[in-house]
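Undergrad: Just to be clear, the model below is a prediction. Sequence and coordinates:
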Amino acid sequence: MKKFILAALATSILASPIAMAPAEAQGRQDHQERRTTVVREGPHGRTVVTNRTVVNNRNNYRRWNKGQRFDRRYAQNYREINDWRAYRGRRLYAPPRGYHWVRSGNDAVLVAVSGSLIGAVLAGAFN
């Protein structure tokens, strides 16, 4: 009986990476890779060839946390909120000096004007 249980356990351990392979392949389908070659004239009439590989993720958006640096390239539906008073019902308050409110998806993010540090995140403020 012990041999049968050990054999079944060993088989399940060996079969687990095989079962995970299709899941990994599907995760890789989310990334699209594009290769480009740029040929241009450099200084002194030299030809410069640059090869680039651009990886395009379908879901480039981030979840923001206090203390991170805010980069608008990774924000979903980026908007600057100029009049925070219009959103008082959504828990927005007056930004401290040197900060402003930004919308990223359904979140309201309090971002420093210089340095782009995140001071606060109100998750789901625009649901």
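TA: Structure received. Numbers count the residues shown, from 1 in each chain.
Undergrad: In this protein, where is pLDDT below threshold?
TA: Residue ranges of the chain with pLDDT under 70: 14-32, 54-60.
Undergrad: now the strands for it?
TA: For the chain, the strands defined by DSSP state E cover 31-41, 47-57, 79-81, 99-104, 107-112, 118-122.
Undergrad: helices or strands up against the shortest one?
TA: To tie it back to what came earlier, the one meant is strand 79-81. The contact analysis (3 or more CB pairs under 8 Å, 6 or more residues apart in numbering; DSSP states H and E) places strand 79-81 against strand 99-104. Backbone N, C-alpha and C define where each C-beta goes, glycine included.
Undergrad: Rebuild the strands of the chain as CSV, extending it with distance to K2 and mean neighbour count.
TA: Output for the strands of the chain, formatted as CSV (distance: least, CB to CB, whole Å; neighbours: other CB atoms under 10 Å):
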stretch, distance to K2, mean neighbour count
strand 31-41, 46, 9
strand 47-57, 49, 9
strand 79-81, 65, 14
strand 99-104, 57, 20
strand 107-112, 55, 22
strand 118-122, 54, 17
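Undergrad: Make CSV out of the ones you listed and add distance to D71.
TA: Shown next, in CSV, are the strands of the chain (distance: least, CB to CB, whole Å):
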stretch, distance to D71
strand 31-41, 19
strand 47-57, 14
strand 79-81, 14
strand 99-104, 10
strand 107-112, 10
strand 118-122, 10
